[in-house]
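A.B. asks: Kindly return the folded structure for what I paste below:
(chains A, B, C and D)
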Number of protein chains: 2
Amino acid sequence: MRSPVHGVSATSGSADRPTLKTVAELSGLAVATVSRALSNDPKIAESTRQRVAKIAREIGYVPDRAARRLRTGKTMVVSLMLDPHFEILGFGNALLVGLTTALEGSGYSLVVTPHFTDVDSLMPIRHIVTNRQADGVIFTRTAPFDERVRFLTEHKFPFVSHGRTEFSEAHSWVDYDNETFAFRAALRLVEKGCRNICAILPPDTLSFRQHLRYGLMRAVRETGVDYHIPDAITLDSSMDEINRWAQGISGERYRPDGFICPGEASYLAIRNAFRSRNMSEGKDFHAVAKSISGILSQIEPATDAIHEDVEDAGRVLAETLLALMSGRSTDARQVLQAPKMTF
Amino acid sequence: MRSPVHGVSATSGSADRPTLKTVAELSGLAVATVSRALSNDPKIAESTRQRVAKIAREIGYVPDRAARRLRTGKTMVVSLMLDPHFEILGFGNALLVGLTTALEGSGYSLVVTPHFTDVDSLMPIRHIVTNRQADGVIFTRTAPFDERVRFLTEHKFPFVSHGRTEFSEAHSWVDYDNETFAFRAALRLVEKGCRNICAILPPDTLSFRQHLRYGLMRAVRETGVDYHIPDAITLDSSMDEINRWAQGISGERYRPDGFICPGEASYLAIRNAFRSRNMSEGKDFHAVAKSISGILSQIEPATDAIHEDVEDAGRVLAETLLALMSGRSTDARQVLQAPKMTF
DNA sequence: TTGCCAGTTTATAACGTTTCAAAAGTTTGA
DNA sequence: TCAAACTTTTGAAACGTTATAAACTGGCAA
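C.D. replies: As a prediction, the model looks like this:
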């Protein structure tokens, strides 16, 4: 595997990775010329550019990330803050796949920093910004007045959040239309004869709790149905907790007969709680669940599901961030994903 | 003494991120001294080291990754190759959480590169190695004679695989004891009265297919039970495919009456297929499933499950890789995770 | 001839680190 | 007292890029 020692290899060792210097020596040009030729600078003669490109390709030259980053300040890194909390059952994975497919070929790497949002969501973000660890940030579990949004906007640091805020100043985000989800889910339950609809909601620190609530309330107004929002449990509660809670209410006289479950885990937990009390779905209660992983379609009897395409959200998040980082479009892009009903 | 007076204010602007130079000016020392003091070089006076450390801490100095990487060649990056294929239902996520918790505070970042193993598993690895994009690699879905293992070993590049190989040369890996899993699962099924045990296996390119098969065969030998390994479907098949297949065999006269499902999806698909033919678990068939996400415990009637702790695997993978990269322990570390029975 | 201009190329200086060899400063030994 | 032998500090070079300013080409007008 050792190559013969021709002239060039004396200065740039054979096993060594080729650098601009290698290309320069091979082409007889100066390092600066090669650099500019490869970046397609029109001040460099077209013929030269082609020649350099050819040589670079032949010896497999790949620019050094560290050197570039040091010189230009661009990290070519996108940072994803994942909250391990709720990333159970495929959410985080789907997001990741979407992000990376959209990032593919862009030259950007994705580094994943897991962090529990409820501890100090700002800390990792501040670290990234002040120490230039990435060119852009993506995060989930957005709050109505999210401190991360405030901080990043203030520092003019490119970011896209999964979830909206209530700040007046516009920023880029991708969100799922949870209001429509809850609205349609509630209507469906009423249609099936439910008289008291219960919605499991995320903790009230999170934006999408309100969206879900609005959707529910709209349906309540329009149909006059009763509703209930438990405060003993949230979407973040473990399946065990939700199960116990559901068993607890199952004996109540005026218990809910319809459930809106904005997540697969909560649906399974509730359904199971009722079943262990010998109450069955479709007879003693109804439910509409948000489907993410596709697992619900494999569970009988099938419940009504409304799909959220998280992988697509990932793609859109990445594309939006890329546009933002390129500096081309400076204005905010806001994408609201439409729920996909299966009924 | 070259009056550093305007030096300080001129060179280290207030908004700028502090560098070694900033600390040097503030302490009146040379940049080289500061660098060595911060790296705790014993050749630097203890008192100086303390003073420098204090200043650095006060002004929030954080070494520049790019500069360091350029100078030393260390990227401080760990690369995870994820196969989006099978990372459905929490596997990938659990792995990620485990990895990142173990990496926390080590200074290493985790970059995620998704890649379908069956396309050209070597390509991304080769890119990482030849272009020094990471200091170490972790990957999943290991094959008996995995080309990635061969390549990385050959290039003396630190890596830990999730899954074993059959190479004679030892390398570090973390694996789940799938043989014991299958063995115990089969025994359990026999114990419940099954006479024909069917195991859903991964594609034969993957190491753990053999392990599962050995476990099954051992049980077959010891108990004399019949067995069946379908070749129409694998663990990688979609839930729909598995469901259809199971419906297909449900009518057969001598169909399997016990199923080993080394994954949650396959179990749900099979169970559901039978149920839609009005056959119920515990009566018309039995099953033992591998549980990963904890979702199975929320499904009634509960099936026998054997747990695989993927998050822990992630932690061990990261710790092993850290040790490898540190150069301290050069010899391979091999960890076999024990199955956790719930029956 | 000289000068100038457009079209190309190049030398040089950073970016922030680490490391090597060498220079200070301080003790020790005779 | 002076030099040898430490201890501690430092200047300079290098890692691979890119941006800036300057330096080459001809060619062509004066």
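A.B. asks: CA atoms for contacts and neighbours, from now on please.
C.D. replies: Fine.
A.B. asks: Could I get the contacting residues of whichever residue of chain A sits closest to DNA strand C?
C.D. replies: Nearest to DNA strand C in chain A, going by CA to the nearest atom of the strand, is A:Arg71, at a distance of 3.3 Å. By CA atoms under 8 Å, 6 or more residues apart in numbering or on different chains, the contact set of A:Arg71 is empty.
A.B. asks: Check the one 5 residues further on too.
C.D. replies: For A:Met76, the contacting residues are A:Arg69, A:Gly107, A:Tyr108, A:Ser109, A:Ala134, A:Asp135, taking CA under 8 Å, 6+ apart as the criterion.
A.B. asks: Torsion angles phi and psi at the closest residue to the fourth one other than its chain neighbours?
C.D. replies: Distances taken as CA to CA, 6 or more residues apart in numbering or on different chains place A:Val77 nearest to A:Ser109, at 4.9 Å, with adjacent residues excluded. Backbone geometry at A:Val77, expressed as degrees, to the nearest 10, gives phi -130, psi 140.
A.B. asks: quick one: A:Val77 and A:Gly136 touch, right?
C.D. replies: Yes. The pair A:Val77 / A:Gly136 is scored as a contact, 7.1 Å apart, by CA atoms under 8 Å.
A.B. asks: In terms of packing, which of the two has more residues around it?
C.D. replies: A:Gly136 (26 against 18; other CA atoms under 10 Å in any protein chain shown).
A.B. asks: got a list of what the more buried one touches?
C.D. replies: A:Val77, A:Val78, A:Ser79, A:Phe157, A:Pro158, A:Phe159, A:Leu321, A:Met325.
A.B. asks: if you set the cut-off to 10 Å instead, what comes out?
C.D. replies: A:75-80, A:108, A:110, A:128-129, A:152, A:157-160, A:318, A:321-322, A:324-325 (CA atoms under 10 Å, 6 or more residues apart in numbering or on different chains).
A.B. asks: So which of these belong to strands?
C.D. replies: Counting by DSSP state E, the contacts of A:Gly136 place A:Val77, A:Val78, A:Ser79, A:Leu80, A:Leu110, A:Phe159, A:Val160 in strands.
A.B. asks: Which among the residues you listed count as buried?
C.D. replies: With burial judged by 16 or more other CA atoms under 10 Å in any protein chain shown, the buried subset of the ones in strands among the contacts of A:Gly136 is A:Val77, A:Val78, A:Ser79, A:Leu80, A:Leu110, A:Phe159, A:Val160.
A.B. asks: ok, so of the residues you listed, who is nearest B:His286?
C.D. replies: A:Leu80 (42.2 Å; CA to CA).
A.B. asks: Look up how far A:Gln133 lies from the residue of chain A closest to DNA strand C.
C.D. replies: Between A:Arg71 and A:Gln133 the computed distance is 14 Å (CA to CA, to the nearest Å).
A.B. asks: Pretty sure A:Val77 sits against A:Val111.
C.D. replies: Yes. Between A:Val77 and A:Val111 there is a contact at 7.0 Å, judged by CA atoms under 10 Å.
A.B. asks: list the residues that contact both of those two?
C.D. replies: Joint contacts of A:Val77 and A:Val111 (CA under 10 Å, 6+ apart) are A:Gln133, A:Ala134, A:Val137, B:Val111.
A.B. asks: Please name the nearest non-neighbouring residue to A:Lys192.
C.D. replies: A:His286 (7.6 Å).
A.B. asks: Bridging across strands, which residues link to that neighbour?
C.D. replies: Beta bridges link A:His286 to A:Gly258 when assigned by DSSP bridges.
A.B. asks: And the pLDDT at it?
C.D. replies: pLDDT, A:His286: 97.
A.B. asks: So it sits against A:Leu189, correct?
C.D. replies: Yes. In this structure, A:His286 is within contact of A:Leu189 by CA under 10 Å, at 6.7 Å.
A.B. asks: now the residue nearest to A:Ser109: how far from A:Gly263?
C.D. replies: Taken as CA to CA, the span from A:Val77 to A:Gly263 is 31 Å.
A.B. asks: Same check on A:Arg126?
C.D. replies: For A:Arg126, the distance to A:Gly263 - CA to CA - is 31 Å.
A.B. asks: So these two - more neighbours on which side?
C.D. replies: A:Gly263 (26 against 15).
A.B. asks: And the helices in the stretch 1-150 of chain A?
C.D. replies: A:7-11, A:20-27, A:31-38, A:46-59, A:65-72, A:91-103, A:117-120, A:122-130, A:147-154 (DSSP state H, counting those that start in this stretch).
A.B. asks: Out of these, which is the most enclosed?
C.D. replies: Most buried of the helices of the stretch 1-150 of chain A by mean neighbour count (mean count of other CA atoms under 10 Å in any protein chain shown) is helix A:91-103; its value is a mean of 23.
A.B. asks: Report all helices and strands that it contacts.
C.D. replies: strand A:77-82, strand A:109-114, helix A:310-326, strand B:77-82, helix B:91-103, strand B:109-114 (3 or more CA pairs under 10 Å, 6 or more residues apart in numbering or on different chains; DSSP states H and E).
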